[in-house]
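Novice: My questions concern the predicted model and sequence given below.
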Amino acid sequence: MAEQTGNITFGIVKPDAVRDGKAGAIIQKVLDNGFKLRAMKLIHLTQREAEGFYAVHKERPFFGELTNFMSSAPCIVMALEKENAVKAWRDLMGATDPAKADAGTLRKEFATSIGENAVHGSDSEENAQIELAYFFSHLEFV
Ligand code: CMP
């Protein structure tokens, strides 16, 4: 299955972007940049679900702010397929801090701050598999 080939990654259109009506424009750019959507759904995370997803950051000073924000409104979770998907998606997202993001990246265009930065992407193939499995069952992949 493609979710085991290394050509798939996990992405989120975060609550700020969904709340502000930017999800459609972001997903259009996903498609324009050659990604195939293998799975996608709109969900509203509970605080506990956000804490589970970001458990690796639980000692960070911004953990409470991050998990409050991620559970503040619906978000869109996606399985994105492309060659070298992890790097390709991180390149399209741009730097975590939108002030440092390159022109043409999603965070440059759509993010407002380091906390409310419009999109998330897995940082490795291993984490992509873990994050995809956190949100999707095998039956949800097309
Ligand atoms: P993301 O790629 O989803 O992974 C962890 C998130 O923590 C990151 O995007 C940022 O949105 C958030 N984050 C990182 N640094 C900070 C910070 N200094 N203050 C608030 N949020 C942060």
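Specialist: Right, received. Where do you want to start? Numbers count the residues shown, from 1 in each chain.
Novice: What ranges does the protein have for its strands?
Specialist: Along the chain, counting by DSSP state E, strands occupy 8-13, 36-43, 75-81, 119-121.
Novice: Give me whichever of the ones you listed is most buried.
Specialist: Most buried of these by mean neighbour count (mean count of other Cβ atoms under 10 Å) is strand 8-13; its value is a mean of 26. Glycine gets a C-beta too; all of them are placed from N, C-alpha and C.
Novice: any residue of that one up close to the ligand?
Specialist: No: residues of strand 8-13 are not located near the ligand by Cβ under 6 Å from any ligand atom, the shortest gap being 7.0 Å.
Novice: which residues are in contact with that strand?
Specialist: Residues outside strand 8-13 that contact it (Cβ atoms under 8 Å, 6 or more residues apart in numbering): 2, 22-23, 26-27, 30, 38, 75-81, 85-86, 88-89, 93, 118-122, 125, 127-128, 131-132, 135.
Novice: can you give me how far that strand is from the chain middle?
Specialist: On the basis of Cα atoms, centre = their mean, to the nearest Å, strand 8-13 is displaced by 5 Å from the centre of the chain it belongs to.
Novice: CA atoms of it as CSV?
Specialist: What follows is strand 8-13, C-alpha atoms only, in CSV (Å, rounded to 0.1, in the frame of the first residue of the first chain):
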residue,chain,number,x,y,z
ILE,A,8,3.1,9.6,1.7
THR,A,9,3.0,12.1,4.5
PHE,A,10,0.6,13.5,7.0
GLY,A,11,-0.7,17.1,7.0
ILE,A,12,-3.1,19.2,8.9
VAL,A,13,-4.9,22.4,7.8
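Novice: tilt between it and strand 75-81?
Specialist: 160 degrees (axes from the mean of the first three to the mean of the last three Cα atoms, to 10 degrees).
Novice: Those residues of this protein touching the ligand, which are they?
Specialist: Selection of the chain residues close to the ligand by Cβ under 6 Å from any ligand atom yields 57, 62, 65, 66, 96, 114, 115, 117, 120.
Novice: most surrounded residue in the residues you listed?
Specialist: residue 117 (23 neighbours; other Cβ atoms under 10 Å).
Novice: if I look at the closest residue to that residue other than its chain neighbours, how far off is residue 119?
Specialist: Nearest non-adjacent residue to residue 117, counting by Cβ to Cβ, 6 or more residues apart in numbering: residue 111, 4.1 Å away. From residue 111 across to residue 119, the span is 8 Å (Cβ to Cβ, to the nearest Å).
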